[in-house]
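Chemist: No letters, just coordinates:
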């Protein structure tokens, strides 16, 4: 199945970071305008030094975020980033997208929570209008926003972090992280309810190792009680225990990455029967249709064991009955598109048309679509019709 055909298929993307998906030329232009220092001011130079094809490890990969965050510190730049991002994913055949970002990275003396979300939403709304005019024969383009809560807290991460640490000097770093999360969730509820901005979920992001999810249990419960859905980065740099906490303690409906679920060597606690532990968790995820947001290229770049994507366990999830769908994670940092991710999957694992269709539709079914369940049902029906029409052109009668 070639890239041109995959690009035409209506797709959903649920795991993509806005600050990891800026246009590279835009990042360079904003940096020049704002006097932000970069290692290079050419695309070629930045590709060689920062946004590389291969990374040493996760920390090397995450370095690219620092530059994007530095140029996204005013409403105009944030709006531009969101606008261009929406245009780019729509050109890749994405009809529904949930873009995520950490608001705490953008708060400063000029921007509060509401300012940040208004800027992002303004960019998306402007793009949405243009996209739906440009592609009238597709299911309508729409979107949701996901706010990332960071697992760990350091005062040097930004002005918000420094300010909170200064007013709560006796609070532990974990306590500061929870306080920041509570502050964010309270703001999200108000912004969603009063301004109608489609904030659909919160996410727990950041390094899992040494930063457990448990302290955020009450915060996530508060979000869910106020109609905000839950997804958690887990099982990326840690194993089944991290996924267990996300599913059982935080009640996450989706898992970001999750690919270490079946890796017994990643279970570090004293579990007597690791295989049984994994099987019980996998069965629970299957029964509750907890979807894993898979990101193949990103995984290959951040984990040396995944350099050869033939080793990726995505098909274990399929065989275990756990819903999976594909995502880019970061369009710029990983230098990929959703079309590219589906093409990689198709070439490596030779899926049937039926499996490919199921994975694409999982993206829509597992979405935190803004609106009522009836709204989502109607939209999914439109997607089914459009997708089946396209697939019939590729494989008539299948």
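Modeler: Okay, I see it. Predicted model only: the values in this text are computed from it and were never measured.

Chemist: Over to stretch 229-240 now: how far is its first residue from its last?
Modeler: End-to-end distance for stretch 229-240: 22 Å, by Cα to Cα, to the nearest Å.

Chemist: again but with stretch 348-355, I slipped
Modeler: 14 Å.

Chemist: Name the residues of that stretch that come out as buried.
Modeler: Residues 348, 351 are the ones in stretch 348-355 that count as buried (16 or more other Cβ atoms under 10 Å). Every C-beta, even on glycine, is put in place using the N, C-alpha and C of the backbone.

Chemist: What strand or helix carries residue 122?
Modeler: helix 113-134 (DSSP states H and E).

Chemist: Let me see the mean pLDDT of whichever helix or strand comes after that helix.
Modeler: As assigned by DSSP H and E, the chain's next helix or strand after helix 113-134 is strand 142-150. On average, the pLDDT along strand 142-150 is 97.

Chemist: Between helix 113-134 and strand 142-150, find me the angle.
Modeler: Per axes from the mean of the first three to the mean of the last three Cα atoms, to 10 degrees, the angle that strand 142-150 makes with helix 113-134 is 150 degrees.

Chemist: what lines up beside strand 142-150 in the sheet?
Modeler: Strand 142-150 sits in its sheet next to strand 94-101 (parallel), strand 199-205 (parallel), going by DSSP bridges.

Chemist: Residue 156: what secondary structure?
Modeler: helix (DSSP: H, G, I helix; E, B strand; the rest coil).

Chemist: next one: residue 108
Modeler: Residue 108 carries the three-state label coil when classified by three-state DSSP.

Chemist: now the strands paired with strand 142-150 in a markdown table, with mean neighbour count, mean pLDDT and distance to residue 164?
Modeler: Formatted as a markdown table, the strands paired with strand 142-150 follow (neighbours: other Cβ atoms under 10 Å; pLDDT from 0 to 100; distance: least, Cβ to Cβ, whole Å):
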| stretch | mean neighbour count | mean pLDDT | distance to residue 164 |
| --- | --- | --- | --- |
| strand 94-101 | 26 | 98 | 19 |
| strand 199-205 | 25 | 97 | 18 |
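
Chemist: For residue 306, which of these is the nearest?
Modeler: In terms of Cβ to Cβ, the element of the strands paired with strand 142-150 nearest to residue 306 is strand 199-205, at 19.3 Å.

Chemist: how far is the closest one from where the chain is centred?
Modeler: 9 Å (Cα atoms, centre = their mean, to the nearest Å).

Chemist: what is the orientation angle of the next helix or strand along the chain from it with strand 199-205?
Modeler: Sequence order places helix 217-225 as the next helix or strand after strand 199-205, per DSSP H and E. Angle, helix 217-225 to strand 199-205, by the same axes, to 10 degrees: 160 degrees.
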